[in-house]
Structure formats: structure tokens, C-alpha cells
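# all I have is the shape, not the residue letters:
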């Protein structure tokens, strides 16, 4: 229960920073509101007779993070899509995947005051291609729909404008899919060995903020919290995505993309003397900094 309280305090502190109720950001009735950023980043290192060591490398990723919303009377339909896929290549290790994300959320809400909405929400999270625990390229550890996560819930959403929303559900179902025989037999991602599906009932909190924090700098962040109504109640599953897109000039941009995850059902796996050893769950963190081309819409 202590972990739940600490997490909610952190979430509340984060959300209060962006809870600005600006009239200029109000949703217009009967109109589609499309916002987001898309682009690609590239980086390259080339070495020749470099005495300090190292090797040539090339990396790139393509990304999209956007939302599409329509308000019609007391009804509000909101959709959000985040995609990210990146590869890197070095002379010694060949091509490796460095990012792979597919995240879609849709929700329908009804309001009488244009701020608080009775809402039904569904989302889907997975990846596009197989993942490996490099340098091992023979045994994959993930793939499309293995895992895949879906949250289906009923709750209340506070959305004062198109830039900010926070949603809370006391009745949420978290579905975990491992649609692969090889991974399901291992009991990967919290399913029982041999099973390809797991369902949990719990409490769910989701927040999204999107603002221009200064000239030519766009901020988009989404954070999810889930705790199941079982003997582990209070252990929080966390998924926090952050994208900062900075426009350098008409053609060039820089971006910082981070993801923080914690899932109590995913055990940490490491190899010791060619033997896989599992330990307790750990915080997962990924950060990518790139320069490339981006388009804000």
C-alpha cells in the first residue's frame, strides 16, 4: 500500500504542472482536433585507423506520436497513437534493434460540464518485430503479440482542454497476450507456462500532457499506472513515455525520447556461465537522443 501511495503522490505532482485551463486550448464542438509530431533521426560514426579504438556505426529510428479528438455535444471521442522503430548497425555486431513500440488508445466519454467525462477506454500495446537479448541472435525473447497488453476500463476523465487529461478507473481489466508457443512455454511476461493469456482486474490511472513549453519545443508525455486486486495489491505496474521535439530550423529537428517501465510480473533475466538466471523485477529505462527531420501537426 505504501508503494501505491508514493506512486499516486508522484503522479499528482507531475500532472499538476500541466493542469492549465487555458480558454485558447478548449476543444471546439463538431471539429476534429489532430495534434502530434512525426519524423526520423539518423546518426553515424566513421573511423579509420583510429588509435583510441572503437568502430564505425550507423543508427536510425522513425517515430510518430499523435492524438485525434472530436467533440460533439456532450460526447467526446479521443484517440492516441505512438509508434517508434529503430535499428543500429556496427561492423562487429551487425544490425540490432534498439526501439520497437506500437501503442494505441481509444476512449469515448460523456460529459455535462465539458470537463469531467464518464468514460470507457481501451488500449493496445505491442511491438512490430522480434527482439533479442544481444549478442544472442538465435533465441528471440519477444515478438509481435508476444507480449501484447490491453486495458479495458470504465471510469472518470478530467479533460479541461485538448492539451491535458487524466483518467481514473476503479474497475479495469488488464489483458496480457503471449501468442507464441516458444515464449508461452517459458512462462514469459507473467503468464503461466504453456498459457498464452492472462487477465487481471484492478485499478488504473492514465494521464497525457502535450504542450509547447517554449518556442519550437514540443512536449508529449503519457503515463499509466495499474495495480491488480489480488494479494499483490499496491505493487504498481508503470509505463511512462516522454517525447521532447525541438525544431532547429525549417528542415532539421532534435528529439529526446524516454520510456520508463516497471512490471511486477516480468522477472529480470541475465546469463551466468551460459545459464539463464531469473531474479526479481527491475525498473526498465530507455533513452534516445537524435537529430533528424520532424513534422509537427
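Yes, it's here. Predicted, not measured: the structure shown is a model, and the values here were computed from it.

# would you state the strands of the stretch 1-150 of the chain in chain order?
32-45, 57-72, 75-90, 94-110, 116-126, 131-132, 140-142, 148-161 (DSSP state E, counting those that start in this stretch).

# mind putting those in TSV, distance to residue 294, mean pLDDT and mean neighbour count included?
C-betas here are computed from N, CA, C, even on glycine. What follows is the strands of the stretch 1-150 of the chain, written out as TSV (distance: least, C-beta to C-beta, whole Å; pLDDT from 0 to 100; neighbours: other C-beta atoms under 10 Å):
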stretch	distance to residue 294	mean pLDDT	mean neighbour count
strand 32-45	3	87	15
strand 57-72	8	91	18
strand 75-90	13	93	18
strand 94-110	16	94	17
strand 116-126	23	96	18
strand 131-132	26	93	14
strand 140-142	28	93	18
strand 148-161	24	93	19
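
# okay if I get those strands as TSV plus distance to residue 199?
Shown next, in TSV, are the strands of the stretch 1-150 of the chain (distance: least, C-beta to C-beta, whole Å):
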stretch	distance to residue 199
strand 32-45	32
strand 57-72	28
strand 75-90	24
strand 94-110	19
strand 116-126	14
strand 131-132	24
strand 140-142	20
strand 148-161	10
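
# these: which one's closest to residue 175?
Nearest to residue 175, of all the strands of the stretch 1-150 of the chain, is strand 148-161, at 4.4 Å by C-beta to C-beta.

# could you point out which element follows that closest one?
Where DSSP states H and E defines the elements, the next helix or strand beyond strand 148-161 is strand 164-177.

# tilt between that next one and strand 75-90?
Here strand 164-177 runs at an angle of 60 degrees relative to strand 75-90 (axes from the mean of the first three to the mean of the last three C-alpha atoms, to 10 degrees).

# gap between whatever helix or strand comes next after strand 164-177 and the chain center?
Later in the chain than strand 164-177, the nearest helix or strand by DSSP H and E is helix 181-185. Centre-to-centre, helix 181-185 and its host chain are 24 Å apart (C-alpha atoms, centre = their mean, to the nearest Å).

# which other helices and strands does the very next helix or strand once past helix 181-185 contact?
Using DSSP H and E, the helix or strand that follows helix 181-185 towards the C-terminus is strand 197-214. Judged by 3 or more C-beta pairs under 8 Å, 6 or more residues apart in numbering; DSSP states H and E, the packing partners of strand 197-214 are helix 2-16, strand 148-161, strand 164-177, strand 217-228.

# in the last one, which residues are buried?
Spelled out, it's strand 217-228. Using 16 or more other C-beta atoms under 10 Å as the burial criterion, the residues of strand 217-228 that qualify are 218-228.

# cool, the third one as well?
Neighbour-count burial for strand 164-177, counted by 16+ other C-beta under 10 Å, picks out 164-169, 172-174, 176-177.
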